[in-house]
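Trainee: Only the shape, not the letters, is given here:
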């Protein structure tokens, strides 16, 4: 059995080592992860695809608020005592049926629908040795997990691709799919940005911005003081909840854990001047809020809310335009909408991208059978979607949604559904 922080030499003769093996150390508590915070940050600085979602600030804060029913299984990979890769993994009990329970291996930060762009961190040049060593680590821990689902990996994640190729060569059961994402590549000036979007959108930005400031005393501001953070978050929670409750949904911030997570995360990011939490008050009352954060020259937009009484004034639309203009002036080069890709994002100049979702299990196991069943169901659904008349497909989907709504064991929670539609909801309504 693997113990916390125990070095493991990845020298199993049964493995076809394609490169020098790495020393592996397992971490099973936040205290142990805290001890490697400095080399973890150094690894992030060397990883080209690093984002906030792979930082200790995000993952450790997330775990404190959402990790109660999971177990840590983080692996650090070392070459000559230097951390060259990190696999932040966790274990969750998963009900695959009424009587069958399996242990699911997932990325730390997954399951609450708050994290996107989760990843396996690896220094360039160590991808192959990392994949081989990680597979060895997972083989040694095979009694603790049944199947793995690594969700929202960057589509170009070098570690994920190296791991996927190795798993297929070893004849493991491997499935993968993509989920949509979108981001704006920002130019050097506001004028260049305006020229990159349609004349219709340029006109709307000018019209609604002037109209809002003529009708109200408008104050646009960024939350920059920890003393003000609770007040600003209460405004976000209230605006977001009212929007979703008016649509008959509980709202993401009905969860006390999520509210506490945003407070803890906000404090962490404020302390490092990385919080991009913007609000607008109209006549002294909060009317819209957008919660995001910065990593390098990228700002990610995580959550937002607006007051529906100002829907005709497009208050959320005006706030986004103001934020993008300010970020361009500060040298930000990517405005990331994260998950989802729809017209409400494309009109801002967002380009469609994808996340990679990679699942795997050892052959001839219960986990492998579960993944194969999932894949067959997905293929059957896709066949029906392509071959049924549109009217019949719509009826079938309506029946499915109705049944899911009555099942207590639905795989996607209401909060999860809201997380996937958060970015488009405000633009469509405003």
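Mentor: Sure thing, it's come through. Nothing here was measured: the structure is a model prediction, and the numbers come from that model.

Trainee: who's in contact with residue 127?
Mentor: For residue 127, the contact set (C-beta atoms under 8 Å, 6 or more residues apart in numbering) comprises 158, 159, 161, 162. Every C-beta, even on glycine, is put in place using the N, C-alpha and C of the backbone.

Trainee: likewise residue 91?
Mentor: Under the criterion of C-beta under 8 Å, 6+ apart, the neighbours of residue 91 are 70, 71, 72, 73, 103, 104, 105, 106, 144, 145.

Trainee: just residue 35 next, same as before
Mentor: So, once contact is read as C-beta under 8 Å, 6+ apart, residue 35 ends up touching nothing.

Trainee: distance of it from residue 46?
Mentor: Here residue 35 is placed at a distance of 20 Å from residue 46 (C-beta to C-beta, to the nearest Å).

Trainee: Confirm that residue 310 sits in a helix.
Mentor: Yes: inclusion of residue 310 in a helix is indicated when DSSP: H, G, I helix; E, B strand; the rest coil is applied.

Trainee: number of nearby residues for it?
Mentor: The criterion is other C-beta atoms under 10 Å. On that basis, residue 310 has 20 neighbouring residues.

Trainee: thinking it is in contact with residue 283, fair?
Mentor: No: the pair residue 310 / residue 283 is not scored as a contact, 10.4 Å apart, by C-beta atoms under 8 Å.

Trainee: Enumerate every residue touching the nearest residue to residue 100 once chain neighbours are set aside.
Mentor: With C-beta to C-beta, 6 or more residues apart in numbering as the criterion, residue 100 has its nearest non-adjacent residue at 7.5 Å, and that residue is residue 366. If you count contacts by C-beta under 8 Å, 6+ apart, residue 366 has them with 96, 100, 102, 146.

Trainee: Can you verify residue 352 is assigned to a strand?
Mentor: Yes: residue state for residue 352 (three-state DSSP) corresponds to a strand.

Trainee: How are the helices of this structure distributed by residue range?
Mentor: Applying DSSP state H to the chain gives helices spanning 30-34, 37-46, 56-66, 127-140, 158-169, 190-196, 199-215, 229-245, 256-271, 315-329, 343-346, 366-387, 390-406, 414-429.

Trainee: Turn those into TSV, columns for mean pLDDT and distance to residue 297.
Mentor: TSV is the format used below for the helices of the chain (pLDDT from 0 to 100; distance: least, C-beta to C-beta, whole Å):
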stretch	mean pLDDT	distance to residue 297
helix 30-34	97	27
helix 37-46	97	14
helix 56-66	97	18
helix 127-140	96	24
helix 158-169	97	21
helix 190-196	97	15
helix 199-215	96	23
helix 229-245	93	24
helix 256-271	97	16
helix 315-329	98	9
helix 343-346	92	19
helix 366-387	73	37
helix 390-406	49	40
helix 414-429	40	20
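
Trainee: Would you mark the buried spots in stretch 144-152?
Mentor: Along stretch 144-152, the positions that meet the burial threshold by neighbour count (16 or more other C-beta atoms under 10 Å) are 145, 146, 147, 148, 149, 150, 151, 152.

Trainee: Pull the most distant pair out of the residues you listed.
Mentor: Farthest-apart pair in the buried residues of stretch 144-152 is 146 and 152; separation 21.0 Å (C-beta to C-beta).

Trainee: about what we covered before: closest to residue 22 out of the contacts of residue 91?
Mentor: The nearest member of the contacts of residue 91 to residue 22, counting by C-beta to C-beta, is residue 73 at 16.9 Å.

Trainee: my guess is that closest one meets residue 24, correct?
Mentor: No: if you go by C-beta under 8 Å, residue 73 and residue 24 don't touch, sitting 11.7 Å apart.
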